[in-house]
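Asker: Turn this into a structure:
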Amino acid sequence: MSIRIIEKLKNQQGSSLAFVLIIGMIIMIMVASLLAVANSDFTFTQETVESRQAYIDAKSVIEYGKIEINERMKWLDTENKILNGYYQTRAAILRQEHPNTTAIDNQIKTKIAEIKTYMKTSYYIGGSSEAVSTSLRKIDPDGVNALGILTVTSVNEPEFGEDFTETIFAFNIDTQNLRRELDYKVDISLAVINGGTVIVTPTEPIKPVDNTSDWLQTTINAKYNPDANIQCEIQSQGEQKNIYDPVQKTLTLNKPELNLDIGKNNKKFEWIEWNTLKLTAANIAVSTPMPTDHVYGGIFFMTAQASDGSYGDIIFKDNYNQANGDNKTNTLRAKNVIYKGDLTIEDYNTLDIYCENLYVTGKIIMNSPKGTNANFYVHGLTGSDSKAKNIYVGGNIEVGNLSKISWNAENIWVKGNVLTRSTQAILEFKGFNFLETGDLSLNDRTQLIVTGSNPETSQMKSKSITNAVSAYCELTINISNLWLFSCDDLAINGYSKMSLTSNVVKINKNLTLYEKVRSFEVKTQYFDCAGMTSITNIENDLHITRINDLKPLNVRFAGGYKEISTAGPTQSLFIGEGSKPATMVVFGKPTNDSVEGSISMTGWFKAGPQVWAESIYFDSNRINVDERVNFNYYGNQSGQKTNLHIRSKIDYRSVSAGSYLGVSGLYPAGLTDPKPYSAPDFKSAPTSTGGTIPGSEPGNGNSSPGGGDTQTDTDRIKEIYY
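Answerer: Numbering: from 1, shown residues only. Coordinates of the predicted model:
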């Protein structure tokens, strides 16, 4: 071939140089392209890992600074109350015959100066740039070596005679000496947070980046001839001897000093029925799917714990499918348990996880749609009653017949929807500070049990809670120990029971209690439904009452109220109680729409709300009260008076618009001689005034999902990262 090319060049004579140059250029381009492709793959992967870690480092510094911001605002609230106490003392002195305010004036001036100085003092965050999240601490002022600096400015500072309620503090956190800079800004005032403790909402955990390239390739092979046994081989360690007990049918691999990757480089993970795996290593990855053949009756224990006792990571890199059956349990213990892809638990299987952080990138499928008896438990590392820190699920959750989820964690995110199929599933979320879900679609006889950790701080936010089908579902829903419950739509029917205890209840769309609802018991201090409230043919009385004797009760059905009874004797919605009335109850809102904001009470069987309140408002342009409806209104005791305000005329009994003061009884008792209509001044939701905020910090394992970052929970506080 080379001879023919040389001869060709000789024959071409003058054009040979050009030909050589062209060939040379083509070869150079090909080589350069190959090098670029090879290098780009390596560079991209490495830069992605480093970029993600750089972001985690910078975000950790900011989250550390945000803890200080929260502490300062709590301190400001306390000191501002002291300042107002001084003003009250001064006012009392001025009422004396010979007032002398010199001493109290000096106290006021000193307190104002003290607050300004403390709030605007810079705060320096130090630590090691090589291990940021584990080394952060407050340091003395050092603008050169600090990793982060919190600076504060303010506007609308008080003059003498004023307090700090309206003062806006601008907090800035600037990061430095890191691989990546990420800065932060937020403006907060006591007016925005209503003078209470800032409720802390964790931000979502950062998607984990696994870096297992140097973990040891591990192979597990099942051998059937001549005798059944299971063998294990570890890269650079060779075949592991004397680790399989054929009598106990147990493979015990104890390597707390090693990081193991089962199935790496397409190696095998095989198993034999009725055998047990007991695996301990510093970190564990499973790069091949969990075995599903020959696993019936098997049991898998995996513990990521190093020789020094510290917990590491367990990572499943392919879809996890647990198919042991026979009511067997797989048990995992690790700081971080990470599922990349879907997590499936088949019939008669239990998955029991003890961890700090659980991260599932895909769906969770529990024997759905026709399976039965699958269970999934998550706890903290110290025992079955302890709490994990963070649980994050990126996809939907499907739970089949007679199956149970029970998760105990400080913060839980389910970014997809939750669907229970068939019958008698149990969903239990407990011990949390924050719970977020998509739509909760619940099927026949599902139990939903939700228990917050602290009634002054715990929050539940869901898109909707509804029946999965239109047929009677007979749901049992118990939600308790919350500061905030928020959802879009809430709808239950046929023989369902719901108990909800939360200081604040916000339904952002519609509330529907339909056909034979057996109970709806809400204990709260603030109930607000933005959409239409529809109550139809309920089986028993429903109640919205005070959460306790010391807190008020304010209720609003802003999107409208519709109550109807057509299917036989039905009961009523009771709001407030004779000895503990609501402060304000508002039905509807003024709109030009024929449905939105309207009030309608109709039917043949004496439906109608029973309301104990200081003030009641029919704040709608369309009010329909049927002659067969029982609407009762009372004050703070049976027979005591209330104020009933009606925006527009009611045709039945020709009740005119206006404010009826000091009335009580069955509609239209006392509704004569109205005063001019007075519109409601319905306050915004209260802010928590106490409680300890459980902080959660980014994890520190090799593949930590991080998480537990915090932000103030109010739409009026805007955070900016730049």
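
Asker: Report the residue spans of the stretch 601-722 of the chain with pLDDT below the cut-off.
Answerer: Residues of the stretch 601-722 of the chain that meet the criterion pLDDT under 70 lie in 605-606, 637-639, 688-718.

Asker: Where do the strands of it begin and end?
Answerer: Secondary structure of the stretch 601-722 of the chain (DSSP state E, counting those that start in this stretch): strands at 610-618, 623-625, 632-634, 642-646, 658-663, 665-666, 709-712, 719-721.

Asker: out of the ones you listed, which comes closest to Ser406?
Answerer: strand 709-712 (25.9 Å; Cβ to Cβ). (Each C-beta comes from the backbone N, C-alpha and C, glycine too.)

Asker: residue contacts, Ser464?
Answerer: 439-441, 487-491, 509 (Cβ atoms under 8 Å, 6 or more residues apart in numbering).

Asker: Bridge partners for it, pull those for me.
Answerer: Asp439, Asp489 (DSSP bridges).

Asker: Provide a list of residue ranges in the stretch 451-600 of the chain with pLDDT below threshold.
Answerer: Checking the stretch 451-600 of the chain against pLDDT under 70 turns up 566-570.

Asker: ok, now with 90
Answerer: 456-457, 468-472, 494, 514-516, 537-541, 549-550, 564-572, 578-579, 594 (pLDDT under 90).

Asker: Let me see the ranges of the strands in it.
Answerer: With DSSP E, counting those that start in this stretch as the criterion, the stretch 451-600 of the chain has strands spanning 459-467, 476-492, 497-507, 511-514, 519-524, 526-529, 533-536, 542-546, 554-557, 561-565, 573-575, 582-587, 599-603.

Asker: What of the stretch 251-400 of the chain?
Answerer: 276-286, 299-304, 313-316, 320-322, 328-339, 343-345, 349-360, 364-366, 374-379, 388-393, 397-399.

Asker: among those strands, which is nearest Ala103?
Answerer: Nearest to Ala103, of the strands of the stretch 251-400 of the chain and by Cβ to Cβ, is strand 388-393 at 50.4 Å.

Asker: by how many degrees do that closest one and strand 328-339 diverge?
Answerer: 80 degrees (axes from the mean of the first three to the mean of the last three Cα atoms, to 10 degrees).

Asker: Let me know the angle separating strand 388-393 from strand 374-379.
Answerer: 140 degrees.

Asker: My read is that Ile220 contacts Ile230, right?
Answerer: Yes. Contact status for Ile220 versus Ile230: in contact at 6.5 Å, counting by Cβ atoms under 8 Å.

Asker: List the residues that are in contact with both of those two.
Answerer: With Cβ under 8 Å, 6+ apart as the test, Ile220 and Ile230 both reach 251, 270-271.

Asker: Pro289 is in contact with Ala323, isn't it?
Answerer: No. Pro289 is beyond contact range of Ala323, at 10.6 Å (criterion: Cβ under 8 Å).

Asker: Any idea how many residues pack against Thr372?
Answerer: If you count neighbours by other Cβ atoms under 10 Å, Thr372 ends up with 16.

Asker: Can you pull the phi and psi angles for Thr78?
Answerer: Phi and psi for Thr78, reported as degrees, to the nearest 10, are phi -60, psi -50.

Asker: need the helices for the protein, in chain order.
Answerer: 2-12, 16-94, 102-119, 132-135 (DSSP state H).

Asker: Can you list the buried residues in the last one?
Answerer: For helix 132-135, a neighbour-count test (16 or more other Cβ atoms under 10 Å) marks 132-133 as buried.

Asker: which secondary structure elements does it contact?
Answerer: Counting contacts by 3 or more Cβ pairs under 8 Å, 6 or more residues apart in numbering; DSSP states H and E, helix 132-135 is packed against helix 16-94.

Asker: Show the average pLDDT along the helix it packs on.
Answerer: In this model, helix 16-94 carries a mean pLDDT of 69.

Asker: Of the contacts of Ser464, which is the most crowded?
Answerer: Leu490 (26 neighbours).

Asker: my guess is that residue contacts Lys463, does it?
Answerer: No. With contact defined as Cβ under 8 Å, Leu490 does not count as touching Lys463 (10.7 Å).

Asker: Could you report the neighbour count for Thr153?
Answerer: 12.

Asker: List the residues that contact it.
Answerer: With contact taken as Cβ under 8 Å, 6+ apart, Thr153 is in contact with 120, 169-170, 172.

Asker: now with 10 Å?
Answerer: For Thr153, the contact set (Cβ atoms under 10 Å, 6 or more residues apart in numbering) comprises 119-120, 168-172, 187.

Asker: Looking at the residues you listed, which is nearest Tyr339?
Answerer: Phe171 (36.9 Å).

Asker: Let me see the contact set for that closest one.
Answerer: Applying Cβ under 10 Å, 6+ apart, the residues near Phe171 are 65-66, 68-69, 72-73, 119, 123, 150-154, 184-188, 719.
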